[in-house]
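J.: task: produce atomic coordinates for the following.
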Amino acid sequence: MNIIDIGSKIESEKYTVVSLFAGAGGLDLGFKNKGFKVLWANDIDKDACETHKKWSGSEVVHGDIGKIDFETIPASDIITGGFPCQGFSLAGPRKLDDKRNSLYKYFVNLVEKKQPYIVVAENVKGILTLGEGSILEAIIEDFSSKGIGYNMFPTLVNAADYGIPQDRWRVIMIGFRKDLAIEKYQFPLPFNTKVTLKDVLEDIPKPLESDICQEPYSSRFMSRNRKRDWEQVSYTIPAMAKQIALHPSSPDMVKIGTDLWKFGDNGITRRLSWQEAAAIQTFPKSMEFVGSLSSKYKQIGNAVPVKLSEIIAKDMRRILSNHFKQCKINELGG
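T.: Numbering: from 1, shown residues only. Sure thing, here's the model as predicted:
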């Protein structure tokens, strides 16, 4: 095991992060903004890795995590990642060595080998009901039984409840190494302040046409309302450019049948630009994304909202700081 000495930290040190499935780094940027140092990050998307490098100053490794030597990955206080869950079987016995589950397997194996204090994982809402809940139970069991093991605490959160101008339901799984003796954990409570589309978009300059997806609107897009008003929060920002929601200046969509809508005719209908999507995901306005237009939308839609990550990071910093303070007291015989 590669366990960081539990008594070696001093309060002035920066806590460290290793990030798997990092993408452009929405989760990582939130941790950096709260004083963490992102040592190492990995993603299979080359554009996302180049975007990450532009802001992070981290060692960012592009490639398949299954082909990376774990010995080259540094030890850290926290390991983060939004591992894919598509490979988990909905029927029959679940097998961790199923090839479709390889990405998840590498995540678990790296945690077992490096033994960080904390694990932070993000996944879609559907993981709660996948396999009638058995998949989430199995994930918790895997992390609990590996090596020293972790006490895992999954929480379903809506980003809109935390000052993000977007309805975005995600499961945040936070695990604490068992020797930290954290038996109960309460995810930070929602805010009372609602941030709207007007709050986040009113200062963004009018985009160029080349910054807006111009693909035809599919039958899937036209199957439901895609427009929110200025005083509302956005629909979920997706990774697929042609499914991005409409800008609030667009005319209201009109329902004309079951799962069938049409655009209003009293204005100009357009999708959100990639810059507007990034703002809704709470990336800084100065954030530069590498790649084609579809690649930019993909990186933005796949990310954890930066401001939501900051809330998680702030709480993890509190927990780590309290733990090391108590270690120091114990060392001094207090």
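
J.: domains in this protein, as residue ranges please.
T.: 16-189+308-331, 197-301 (automatic domain parsing).

J.: correct me, but residue 140 touches residue 152?
T.: Yes. Here residue 140 reaches residue 152: they are 4.5 Å apart, a contact under Cβ atoms under 8 Å. No exception for glycine: its C-beta is placed from N, CA and C like everyone else's.

J.: could you dump the domains of the chain to TSV with mean pLDDT?
T.: Formatted as TSV, those follow (pLDDT from 0 to 100):
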stretch	mean pLDDT
domain 16-189+308-331	89
domain 197-301	97
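
J.: would you turn the ones you listed into TSV with mean neighbour count?
T.: Formatted as TSV, these follow (neighbours: other Cβ atoms under 10 Å):
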stretch	mean neighbour count
domain 16-189+308-331	18
domain 197-301	17
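
J.: which residues in the stretch 101-250 of the chain form strands?
T.: Counting by DSSP state E, counting those that start in this stretch, the segments of the stretch 101-250 of the chain that form strands are 118-124, 150-158, 169-177.

J.: out of those, nearest to residue 304?
T.: strand 118-124 (5.4 Å; Cβ to Cβ).

J.: the closest one relative to strand 169-177, how many degrees between them?
T.: Computed with axes from the mean of the first three to the mean of the last three Cα atoms, to 10 degrees, the direction of strand 118-124 lies at 160 degrees from that of strand 169-177.

J.: can you name every helix or strand that strand 118-124 contacts?
T.: When contacts are defined as 3 or more Cβ pairs under 8 Å, 6 or more residues apart in numbering; DSSP states H and E, strand 118-124 packs onto strand 78-81, strand 169-177, helix 306-331.

J.: any idea how far residue 229 is from the spatially closest residue to residue 143 that is not a sequence neighbour?
T.: Counting by Cβ to Cβ, 6 or more residues apart in numbering, residue 143 lies nearest to residue 150, which is 4.5 Å off, once chain neighbours are set aside. Note on residue 150: its distance to residue 229, by Cβ to Cβ, to the nearest Å, is 43 Å.

J.: and for residue 213?
T.: Noted for residue 213: a distance of 21 Å to residue 229, by Cβ to Cβ.

J.: cool, residue 325 as well?
T.: 47 Å.

J.: do residue 256 as well
T.: According to Cβ to Cβ, residue 256 and residue 229 sit 20 Å apart.

J.: so who does the nearest residue to residue 63 once chain neighbours are set aside touch?
T.: Leaving aside its sequence neighbours, residue 63 sits nearest to residue 44 (Cβ to Cβ, 6+ apart; 6.6 Å). Counting by Cβ atoms under 8 Å, 6 or more residues apart in numbering, residue 44 makes contact with 62, 63, 64, 65.

J.: the second one contacts residue 45, correct?
T.: Put plainly, it is residue 63. No. Between residue 63 and residue 45 there is no contact under Cβ under 8 Å: 10.3 Å.
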